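Undergrad: just the structure for this:
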Amino acid sequence: MLLVDDDPAVAKVLGALLVQAGLCVHTAARGDEALALLGRKPIDVVVSDVRMPGMGGMELLAEVQRSWPDVPVILLTAHGTVPLAVEAMKAGATDFALKPFDREEILFSIRKALLRAQQNQEATRPLGKESGGFVGQSTAMASVQALLARAATGTATVLLRGESGTGKELAAKAVHDASPRRGGPFVKLHCAALPDTLLESELFGYEKGAFTGAATRKPGRVELAHGGTLLLDEIGDITPQVQVKLLRLLQEREFERLGGTQTLKVDVRFVAATHRDLEALVREGMFREDLFYRLNVVPVWLPPLRARPEDIEPLVRHFLEVHARANGRPPFVLTPEGLAVLRAQPWPGNVRQLQNFIERLVVLSDGPLLTGEEVLRELDRQPGIAPTAAPPPVPSPPPTLPGAVPASFPAGEGRTLESQRKGMERQALVDALQRAGDNRTLAARLLGISRRTLYNKLEEYGLV
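TA: The predicted structure is shown next:
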C-alpha cells in the first residue's frame with residue numbers, strides 16, 4: 001500500500017489501521033514523493049488525499065494512470081461532493097471515500113482494490129489486444145463483434161450471456177467504448193461478490209446515519225455512472241429483494257439512497273452479464289420474469305472456446321507475448337506439437353483458463369521453446385485436469401529442396417549405410433530449420449545439439 005496524505009494525524013491513524021489489517025504500508029506527504037516511491041517500490045494500491053499542497057490527488061491519479069495503469073487508486077477527501085466523486089471515477093479512481101472515514105468502509109474499499117490489483121497481475125489486458133478488440137478471427141466471434149457494434153449505437157439494455165471465462169466484461173467495455181457515452185464513466189459492479197446489504201449500498205449509495213458506521217453520505221455506483229454505462233456482472237445471482245429495487249431502476253431510471261427519501265433521476269446505460277440459465281431461474285421462481293424481460297432487450301451470447309477452436313492459436317500467441325513481457329522473460333516459441341496439444345484440450349474454463357495456463361507455462365518453462373511434451377507435463381500438474389493427447393499428425397511429404405537427398409532410394413542406387421545416414425541427417429537439419437522459422441538457436445535445441453555443431457553440420461551439407 002502507498003498512503004499519500006499531508007495530514008500527519010490521518011497518515012498515522014490510517015497507516016496503523018492498514019498495518020493492523022496485515023498490509024505493508026509506505027507513506028508520502030506529497031504527490032511528487034508518491035511518484036518517487038512508485039518508481040522504487042512494488043506498490044499494489046494507492047490511497048491518496050484529494051487536496052494536498054503542490055500536486056493534488058486528482059493530478060496524482062492522472063500520473064498513476066499514465067505510468068502505472070494497473071495500480072488502483074482510492075481517493076480520500078473531507079470536502080466530498082457527488083460531482084467530485086463522479087469526476088474521480090471518470091478519471092479512473094477505483095473508489096472514493098470521505099473523511100472522517102469509517103474503519104470498515106475504508107477496509108472494504110481497500111480489499112476490493114487489492115482484489116482488482118491481483119486480477120490485473122494475473123491477467124494483463126485479458127482477452128483483448130492492446131487496441132481494445134477481441135483476439136481471434138473465427139466466424140462465431142466476428143458475429144458477436146458485429147452484434148456488439150450495432151447494440152453500442154443505441155441506449156437499450158444489453159444482456160451478455162455465456163459460460164464463465166468467455167469475455168463478458170470485455171464485451172461490456174466494447175459496447176461502452178463504441179457508444180456515444182464513451183466520454184462518460186464505465187462503472188462495474190460484481191453482484192455475486194456482495195451480500196444483500198452491501199450490494200444495495202454499493203448500488204444505490206446511502207445517506208449519513210442510514211446504518212451504524214454511515215458517518216457521511218456516499219454515492220452509489222448508479223449515481224457514479226450518470227452519463228455513462230453501468231455493468232451489472234453476474235446479475236443472475238441477486239436475491240428477489242434486490243431484484244424488486246433493480247426493476248424500478250431499469251423502468252423509471254430513478255432510485256433513493258439507503259436511508260434517504262429524495263428520489264433521484266439518473267441517465268445510465270445498463271449492461272448486464274451472467275453465466276446462469278435465467279429462463280430456468282424464472283421457471284423456478286428464483287428470478288422475476290418482468291426483470292428478465294427488462295434485461296433481455298438485446299441478448300448477446302458469447303461462444304465457449306470449444307466452439308471456436310480456430311481462435312486458440314492467435315489467443316495463445318497473444319498471451320505468450322503479453323505474459324513474457326509482464327514477467328521479464330524473452331519471447332517464447334510454441335512448436336506445432338505444443339499447439340496441437342493445446343488445441344486438443346476442452347478448456348472448460350474457456351479463455352480465462354487458457355490464459356492462466358499460458359502464464360504458468362511462461363513462468364515455469366526453462367527456455368523459449370515450448371514443446372508438446374512440456375505442455376503435457378504442465379497439464380498433468382494442473383489439479384482436476386485430465387490432459388487430452390494431441391491427435392497424431394497427418395503424414396505429409398517432406399519438402400523438396402535443391403540438392404536434397406530423397407528419403408528413399410531406387411534399388412541399387414547408393415543404398416550404403418553411410419549415404420542413408422547422411423541423407424537422413426541432412427533432412428533432419430532442413431526440418432528443424434523450418435520448424436524453428438530459420439532460427440539457428442531454436443533449431444539446435446530441437447535437434448539436441450550445440451549451436452557450434454549445428455553450424456558445422458549446415459556447412460557440411462551446404463545449408464548455410
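
Undergrad: can we go C-alpha only for contacts and neighbour counts from here?
TA: Will do.

Undergrad: figure out how far the one helix or strand A146 maps to is from the centre of its chain.
TA: Assessed by DSSP states H and E, A146 sits inside helix 139-152. Relative to the chain's own centre, helix 139-152 is displaced by 20 Å; criterion: Cα atoms, centre = their mean, to the nearest Å.

Undergrad: before we move on, what about stretch 60-67?
TA: 20 Å.

Undergrad: using PDB, write out every CA atom in it.
TA: The C-alpha coordinates for stretch 60-67 follow below in PDB (Å, rounded to 0.1, in the frame of the first residue of the first chain):
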ATOM      1  CA  LEU A  60      -1.500  12.200  -8.800                       C
ATOM      2  CA  LEU A  61      -4.300   9.900 -10.100                       C
ATOM      3  CA  ALA A  62      -3.600  11.100 -13.700                       C
ATOM      4  CA  GLU A  63       0.100  10.400 -13.300                       C
ATOM      5  CA  VAL A  64      -0.500   6.900 -11.900                       C
ATOM      6  CA  GLN A  65      -3.000   6.200 -14.700                       C
ATOM      7  CA  ARG A  66      -0.400   7.200 -17.200                       C
ATOM      8  CA  SER A  67       2.700   5.400 -15.800                       C
END
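
Undergrad: let me see the residues that make contact with it.
TA: 31, 35, 71, 73, 91-93 (Cα atoms under 8 Å, 6 or more residues apart in numbering).

Undergrad: tell me which residues touch T274, please.
TA: 159-162, 233-236.

Undergrad: please name the nearest non-neighbouring residue to it.
TA: Nearest residue to T274, sequence neighbours excluded (Cα to Cα, 6 or more residues apart in numbering): E234, at 4.4 Å.

Undergrad: state the number of residues packed around the one you found.
TA: 21 (other Cα atoms under 10 Å).

Undergrad: what's near enough to touch it?
TA: E234 touches 190-192, 272-276, counting by Cα under 8 Å, 6+ apart.

Undergrad: repeat the analysis, applying 6 Å as the threshold.
TA: 191-192, 273-274 (Cα atoms under 6 Å, 6 or more residues apart in numbering).

Undergrad: from those, which land in helices?
TA: Secondary structure assignment by DSSP state H places none of the contacts of E234 in helices.

Undergrad: of those residues - the most surrounded one?
TA: Most surrounded of the contacts of E234: other Cα under 10 Å gives A273, at 26 neighbours.

Undergrad: from I238, how far out is that residue?
TA: 12 Å (Cα to Cα, to the nearest Å).

Undergrad: how about Q65?
TA: For Q65, the distance to I238 - Cα to Cα - is 32 Å.

Undergrad: what about G15, distance to L2?
TA: G15 is 9 Å from L2, by Cα to Cα.

Undergrad: for H190, same thing?
TA: For H190, the distance to L2 - Cα to Cα - is 25 Å.

Undergrad: more crowded one of the two?
TA: L2 (22 against 15).

Undergrad: can I assume that one is in contact with V46?
TA: Yes. When contacts are counted by Cα atoms under 6 Å, L2 is listed as touching V46 (4.8 Å).

Undergrad: which stretches of this protein have low pLDDT?
TA: 79-82, 85, 116, 118-133, 382-415, 435-439, 441-442, 445 (pLDDT under 70).

Undergrad: how's it carved up into domains?
TA: Annotated domains of the chain cover 2-122, 152-302, 307-381, 401-464 [automatic domain parsing].

Undergrad: which one of these lies closest to T139?
TA: Closest approach to T139 among those (Cα to Cα): domain 307-381, 8.1 Å.

Undergrad: what about the closest one, start to end distance?
TA: End-to-end for domain 307-381, by Cα to Cα: 26 Å.

Undergrad: that'll do, ta.
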